[in-house]
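coords below, sequence missing:
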């Protein structure tokens, strides 16, 4: 069992269905007997400054309490500061893909005792050069990004993944396709596609068992997956697999791996990063190997 002397909890009070007050009470009870401080993230300021000063203030663990966006903001601050303070999760968002990828318990009351028993692993993190932003899970374009953009926060908070299903149905039937030019470590590929994803971790992709190799967050590479144009049935199956996390054999999937990826498309393709809309292509992404220390089963 890890022995942390001082823990910083960065809490997003508007994440998920529980109020900030109830989350605070749950965390305080779980950390009873351990020196800790809970800081609420409100507005634009918060995680970056707090993570940069964490080691100086004597914290030896940071817990991101919220959804994937909260975890990404904490990881961004750690990577930007070059901090070696490890981070853990207290998953309380509407969608918690990252916690699932790292093997966290589904019941929140079991999370912190589990965290204190786990080891720490150095994980890769992706960097978007144009925006100077870091991500832990993925950047995707096309179908998934359009659904993320058109799904209001309020719907996600109260409906969870059902919000994506409801707001995604009209987008599914639009049938938008893009001409992609993707450069992977200097080699250029051209595809016609409706959906593209660049993965650091595999939690947001259905059917990963069908891939020829495992998507790893510790191999120093990013995985590029492109859904090549097929039939309308292929599109429906991909959408259903995404929503229900069902296995779907991605026989029209083009795959590549690399340390630097540049994506251009005609017309410009909507992009999302770890559940947040971030604009449109073109985009250049690099991997920073082992830049963030994570608690979990990596």
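Great, that's in hand. Nothing here was measured: the structure is a model prediction, and the numbers come from that model. Numbers count the residues shown, from 1 in each chain.

tell me which element residue 23 falls in.
helix 20-30 (DSSP states H and E).

next structured bit after that helix?
Past helix 20-30, the next helix or strand by DSSP H and E is strand 36-40.

can you list contacts of that next one?
The contact list for strand 36-40 (Cβ atoms under 8 Å, 6 or more residues apart in numbering) reads 6-13, 20, 24, 27-28, 46, 50, 59, 65. C-betas here are computed from N, CA, C, even on glycine.

how far off helix 20-30 does it point, in degrees?
170 degrees (axes from the mean of the first three to the mean of the last three Cα atoms, to 10 degrees).

Report all helices and strands that the helix holding residue 23 contacts.
If contacts are counted by 3 or more Cβ pairs under 8 Å, 6 or more residues apart in numbering; DSSP states H and E, helix 20-30 sits against strand 7-11, strand 36-40, strand 61-66, helix 111-115.

helix, strand or coil for the closest residue to residue 225 other than its chain neighbours?
Closest residue in space to residue 225, ignoring its immediate chain neighbours: residue 197 at 5.0 Å, by Cβ to Cβ, 6 or more residues apart in numbering. At residue 197 the chain is in strand, as set by DSSP: H, G, I helix; E, B strand; the rest coil.

Give the bridge partners for residue 197, please.
residue 140, residue 225 (DSSP bridges).

Where does pLDDT dip in the stretch 151-298 of the chain?
151-175, 203-213, 229-251 (pLDDT under 70).

that older thread, single out the most deeply packed of the helices and strands packed on helix 20-30.
strand 61-66 (a mean of 28; mean count of other Cβ atoms under 10 Å).

Check which helices and strands that one is in contact with.
strand 7-11, helix 20-30, helix 68-81, strand 87-91.

again, 6 Å this time
For strand 61-66, the contact count by 3 or more Cβ pairs under 6 Å, 6 or more residues apart in numbering; DSSP states H and E identifies strand 7-11, helix 68-81, strand 87-91 as packing neighbours.

ok, and which of these has the densest surroundings?
Using mean count of other Cβ under 10 Å, strand 87-91 ranks as the most buried of those, with a mean of 26.

Show me what that strand is packed up against.
Checking 3+ Cβ pairs under 6 Å, 6+ apart, strand 87-91 ends up next to strand 61-66.

Could you pull out the helices in the stretch 51-200 of the chain for me?
68-81, 97-101, 111-115, 143-150, 153-159, 161-172 (DSSP state H, counting those that start in this stretch).

picking that back up, can you tell me which of the helices and strands packed on strand 61-66 has the worst average pLDDT?
Ranked by mean pLDDT, the helices and strands packed on strand 61-66 end with helix 68-81 at the bottom, a mean of 92.

by how many degrees do that one and strand 87-91 diverge?
170 degrees.

so what's residue 32 scoring on pLDDT?
91.

buried stuff in the helix holding residue 23?
For helix 20-30, the neighbour count (16 or more other Cβ atoms under 10 Å) marks 20, 23-24, 26-27, 30 as buried.

still on that earlier bit, quick one: which of the helices and strands packed on helix 20-30 is nearest residue 219?
Across these, residue 219 has its closest neighbour in strand 61-66 (23.5 Å, Cβ to Cβ).

Parallel or antiparallel, list what pairs with that closest one.
By DSSP bridges, strand 61-66 pairs with strand 7-11 (parallel), strand 87-91 (parallel).
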